[in-house]
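Student: Sequence first, predicted coordinates after that:
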Amino acid sequence: MQATQTLQAKYELPAGDKRFIGWHMLFGLIALAIGTLFGPLQAFEHAGWDLYPIIRPLFRSYYQGLTLHGVLNALVYTTFFITGFFTLTMTYGLQRRLRFPVVNKVGFWMMVVGLVTAAIPILLDEATVLYTFYAPMEANWAFYVGLTLVVVGSWIEGFGFYFTYMAWRKQNPGIRTPFIAFGSLVTMVMWQFATLGVAVEILTMLLPAALGLIPGTDPQLARTYFWFTGHPLVYFWLLPAYVSWYGMLPKQAGGKLFSDSLARLAMWLFLVLSVPLGFHHQFVDPGVPTAWKYVHAVLTYAVFFPSMITAFTVIASLEYAGRQNGGKGILGWITKLHWSDPSVAAQLFAGILFLFGGIGGITNASYNINLVIHNTVWVPGHLHLTVGTAVTLSFMGITYWLLPHITGRKLWGRKVALWQAWTWFIGMIIFSNAMHVLGLLGAPRRTPLAQAPYVPAEWIPRQIQTGVGGAILLVSAILYFVVVLKTVLAKRAAPADVPEIPVAEAMRDPQLTPAWLDRWAPWLVATIVLIIIAYGPQLIAQISGMQLTSPGMRVW
Ligand code: HAS
Ligand code: CU
């Protein structure tokens, strides 16, 4: 392993690979820029400052805006960013080029075609079905074709990573897979299992219905297919951030990865446990028997553990870093964590807010409490701490070294970038706190509250708080894009000013990590068996009772 680590220092990403990663970032960040704009519009609407009438000639409704927000941010930005980031972690981690670059290119351009195909009907208000596109709402067929192409494109990029890994493995028998590549592979494999649900949903039901080939859909079965994918989707977003928190952030903070074994164990547990939990999104669905909801609730508590392992291991790594930097006392090390580095600060804030997002997640997973918060504004409060902060703010932090690295520039405006991280943190605390409380007070999610006739007085201060949080987040988003644009449009910098790719060394030689933590077969078998146990009987029952009788609806 020592040999690979020295190599790591020497390997330089070839210019072509940097460009290819850059293309991913370009599309991902354009999606984020457009998608994010609609967030504040929603928040302002809740506060009673409805700007939708002003943009009406372009965007017809709150729901069209909400669809753009969810699809572009949660589905498109994430997928492009993640496949691009993994191109870096795979090749730099394994110290080699992609085995078949053409495979990854085909996958990437298929995602681009898919993005355009799905975006057109959304922009034309022909697919205002939100990012969960529940049946029997029916979008224009092109929306489903586009999403399918994005998913299949991401699979193909995944295959490109597997070929690369297999080629590396052949040349490096017995060597532990370098962690950042390992984590990326596990994430992609998990994603391929996970997306089978939505693939079946679209190809057997939504698309044929939209094309008029079948009379209608079965909404209950469609929801089951959707959440088969929809829950693990959240770990597809989260695990790349974990790859960075375990494998990169400790180095940036001045330390080492506390335990390579625990990091790998957490990743394997996510592979095994991410998929078989989808019914925790369907606790109120009458067509799912209570016993199966119970099974999925228990498994949801199980997937809490790898995140607890992560909290422990990442914080231990950070504590080590803080002490290396001269921190003393029980908490003194926290102040020594390179807070002035915007990439570090962004990821630390992301982790801190994720502690609260995780508590909310466990609240959601508790069946009887879920009945209180389900379909209320609490849920978007939760998802903005998780995907909206733990993931997005981490990805923003990552771009603060990644974009300069791949473009050969110096990060423009470190102070501005630092302000960006702080404003996201503060704005999100205000925003998500308001959303959580509003949810407990009974405010429904996905509702233009300013137009609702039933709003009690006690909601109003929280609605205004939502708007204030949204305004701060808008400022933060603008700062982010200013930093990004100023950085990539600047002149090339001297090599010494261009950030390196941070890869954290483990405290103990990874070769000492037990071999079973670097072996695929048992984990793949466990994953498949658990999915069959948790979903098999219900899928058989729901498919054999399927009734394609709900005609497609256009509710917008
Ligand atoms: Fe969730 C709904 C349960 C995690 C996203 N979730 C959602 C929705 C989204 C979402 C988008 O059981 C809405 C879907 C929709 O539109 O309907 N969620 C959970 C549970 C977890 C969880 C149990 N969710 C996530 C993550 C997401 C995400 C991660 C995105 C990335 N969620 C639910 C449930 C629902 C739900 C129900 C359905 C609600 C309903 O009724 O509709 C767990 O995985 C959480 C575990 C997390 C932890 C936290 C560990 C903390 C760490 C931070 C360490 C700190 C550091 C900083 C590094 C245990 C790792 C240190 C800093 C220093 C300065 C020292
Ligand atoms: Cu979930």
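Tutor: On my side now, so go ahead. Ligands and ions are numbered 1, 2, ... in the order given.

Student: how about the residues of the stretch 51-200 of the chain near ligand 1?
Tutor: T132 (C-beta under 6 Å from any ligand atom). Any C-beta I mention is one placed from the backbone N, CA and C, and that applies to glycine too.

Student: and the closest residue to ligand 1 within the stretch 51-200 of the chain, which of the three is it?
Tutor: Among the residues of the stretch 51-200 of the chain, T132 lies nearest to ligand 1; the distance is 5.5 Å by C-beta to the nearest ligand atom. On the three-state scheme (DSSP: H, G, I helix; E, B strand; the rest coil), T132 is labelled coil.

Student: Could you do the one 3 residues further on as well?
Tutor: At A135 the chain is in coil, as set by three-state DSSP.

Student: T229 is in contact with the residue of the stretch 51-200 of the chain closest to ligand 1, correct?
Tutor: No: if you go by C-beta atoms under 8 Å, T132 and T229 don't touch, sitting 10.3 Å apart.

Student: So for those two, which sits in the more crowded spot?
Tutor: When neighbours are counted by other C-beta atoms under 10 Å, T229 comes out ahead of the other of T132 and T229, with 22 against 16.

Student: what's the helix or strand for that one?
Tutor: Taking DSSP states H and E as the definition, T229 sits inside helix 219-247.

Student: quick one: average pLDDT of that helix?
Tutor: The pLDDT scores in helix 219-247 average 98.

Student: and if you look at stretch 176-183?
Tutor: For stretch 176-183, the mean pLDDT works out to 98.

Student: Check the offset of it from the chain's centre.
Tutor: 20 Å (C-alpha atoms, centre = their mean, to the nearest Å).

Student: oh, and call the first residue 37 from now on, that's how I've got it
Tutor: With 37 as the first residue, the last one maps to stretch 212-219.

Student: Would you mind pulling the contact partners of it?
Tutor: Stretch 212-219 is contacted by residues 37, 40, 44, 125-126, 128-131, 201, 204-205, 221, 275-276, 278-279, 282-284, 293, 296, 299-300, 303, 539, 542, 546-547, 549, 554 when judged by C-beta atoms under 8 Å, 6 or more residues apart in numbering.

Student: which parts of it are buried?
Tutor: R212, T213, P214, F215, I216, A217, F218, G219 (16 or more other C-beta atoms under 10 Å).

Student: Only C-alpha atoms, please: export the helix or strand hosting I395 in CSV.
Tutor: Here I395 sits within helix 378-401, counting by DSSP H and E. The C-alpha trace of helix 378-401 is given here as CSV (Å, rounded to 0.1, in the frame of the first residue of the first chain):
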residue,chain,number,x,y,z
PRO,A,378,-14.1,27.5,2.4
SER,A,379,-14.0,23.9,1.2
VAL,A,380,-13.4,22.7,4.8
ALA,A,381,-15.9,25.1,6.4
ALA,A,382,-18.6,24.2,3.9
GLN,A,383,-18.2,20.5,4.6
LEU,A,384,-18.1,21.0,8.4
PHE,A,385,-21.4,23.0,8.2
ALA,A,386,-22.8,20.3,6.0
GLY,A,387,-22.0,17.7,8.7
ILE,A,388,-23.3,19.7,11.6
LEU,A,389,-26.7,20.3,10.0
PHE,A,390,-26.8,16.6,9.0
LEU,A,391,-26.8,15.7,12.7
PHE,A,392,-30.2,17.4,12.9
GLY,A,393,-31.3,16.1,9.5
GLY,A,394,-30.5,12.6,10.8
ILE,A,395,-32.6,13.1,13.9
GLY,A,396,-35.4,14.2,11.7
GLY,A,397,-35.0,11.1,9.6
ILE,A,398,-35.4,8.8,12.6
THR,A,399,-38.5,10.8,13.6
ASN,A,400,-39.9,10.2,10.1
ALA,A,401,-39.1,6.5,10.3
